[in-house]
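Peer 1: model this:
(one chain, ligands or ions: 1)
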Amino acid sequence: MEFFLDTANLDEIRQATEMGLVDGVTTNPTLLSREGGDWRSRMQEICDMVKGPVSLEVVGETASQMISEAEDLTSFGDNVVIKVPLTTEGLVATRILYRKGVKTNVTLVFSALQALLAAKAGATYVSPFVGRLDGIANDGMELIREIRTIFDNYDFSTKVLVASIRHPMHVLDSALIGADVATIPYSVISQLASHPLTDKGLAAFKADWDNFTKLN
Ligand code: E4P
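Peer 2: Numbering: from 1, shown residues only. Next up, the predicted model:
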């Protein structure tokens, strides 16, 4: 399973890259606005820093607005993936971009049927939002199971990109189900690395070594 970092923060991208954990990056208008500053230079820096795909989201409501934004956003680099919302206009835009050979990430997906439509339109990725579904007492991971089954039934090449990840169990379940990608906030990446028995074991090894070397 590929790991994308769900952020527009350059330090987070740098640190996760040093650990070899960044296969790509996803941004959205909220993440970019949280960082402040000039969004164009921020997008450029992210696209330059990251070797893999970088999702940049359109905000227009009509297909033609989305297409003209996509034309601008693709100028930031060859690794740009255009993030398009799952609306009827978004599906039209996805189809046009597919025909032009531009990669898309269809976002704000909350049902398996929406994912099926995105795949038929030619999306490169679909982004089902598991955390937001859990937040309204729906089962986010069940949605991932359904989408995986449908895409496998019909050999769709569209990749399942698990989004809105809140905790390590979302990452573990994504991997067990066979999602193609999980886009993970940096805070959750840090949680994945830590285990109390690792800390305890390390402290014991150090104490034993200190005692042993004192005696010699
Ligand atoms: C990623 O592509 C999505 O925009 C993101 O995971 C949404 O996460 P949120 O529910 O934390 O806003």
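Peer 1: got the residues of the chain near the ligand?
Peer 2: Applying CB under 6 Å from any ligand atom, one finds that the chain approaches the ligand through D6, T26, N28, T107, S127, F129, G131, R132, A163, S164, T183. Just so you know, the C-beta spots here come from the backbone N, C-alpha and C atoms, and that holds for glycine as well.
Peer 1: quick check, the last one in a helix?
Peer 2: No: counting by DSSP: H, G, I helix; E, B strand; the rest coil, T183 falls outside a helix, being strand.
Peer 1: Now for it: which residues touch it?
Peer 2: F4, L5, D6, G24, T26, S127, L161, V162, A163, I165 (CB atoms under 8 Å, 6 or more residues apart in numbering).
Peer 1: And the fourth one, how close does it get to the ligand?
Peer 2: According to CB to the nearest ligand atom, to the nearest Å, G24 and the ligand sit 10 Å apart.
Peer 1: Does that residue touch V50 like I think?
Peer 2: Yes: counting by CB atoms under 8 Å, V50 is a contact partner of G24 at 6.6 Å.
Peer 1: okay, and the common contacts of these two?
Peer 2: Counting by CB under 8 Å, 6+ apart, the shared contacts of G24 and V50 are N79.
Peer 1: can you map out the helices along this protein?
Peer 2: For the chain, applying DSSP state H gives helices covering 10-18, 29-35, 39-49, 63-73, 88-100, 112-121, 130-134, 140-153, 168-177, 186-193, 196-215.
Peer 1: mind putting those in a markdown table, mean neighbour count included?
Peer 2: Compiled in a markdown table, the helices of the chain are given as follows (neighbours: other CB atoms under 10 Å):
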| stretch | mean neighbour count |
| --- | --- |
| helix 10-18 | 15 |
| helix 29-35 | 13 |
| helix 39-49 | 16 |
| helix 63-73 | 18 |
| helix 88-100 | 19 |
| helix 112-121 | 20 |
| helix 130-134 | 18 |
| helix 140-153 | 18 |
| helix 168-177 | 17 |
| helix 186-193 | 15 |
| helix 196-215 | 9 |
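Peer 1: could I get these as a markdown table with mean pLDDT?
Peer 2: Conversion of those to a markdown table gives the following (pLDDT from 0 to 100):
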| stretch | mean pLDDT |
| --- | --- |
| helix 10-18 | 98 |
| helix 29-35 | 98 |
| helix 39-49 | 98 |
| helix 63-73 | 98 |
| helix 88-100 | 98 |
| helix 112-121 | 98 |
| helix 130-134 | 98 |
| helix 140-153 | 98 |
| helix 168-177 | 98 |
| helix 186-193 | 96 |
| helix 196-215 | 97 |
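Peer 1: can I get those in TSV with distance to L56?
Peer 2: Written out in TSV, the entries for the helices of the chain read as follows (distance: least, CB to CB, whole Å):
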stretch	distance to L56
helix 10-18	14
helix 29-35	9
helix 39-49	6
helix 63-73	5
helix 88-100	13
helix 112-121	17
helix 130-134	21
helix 140-153	23
helix 168-177	23
helix 186-193	19
helix 196-215	37
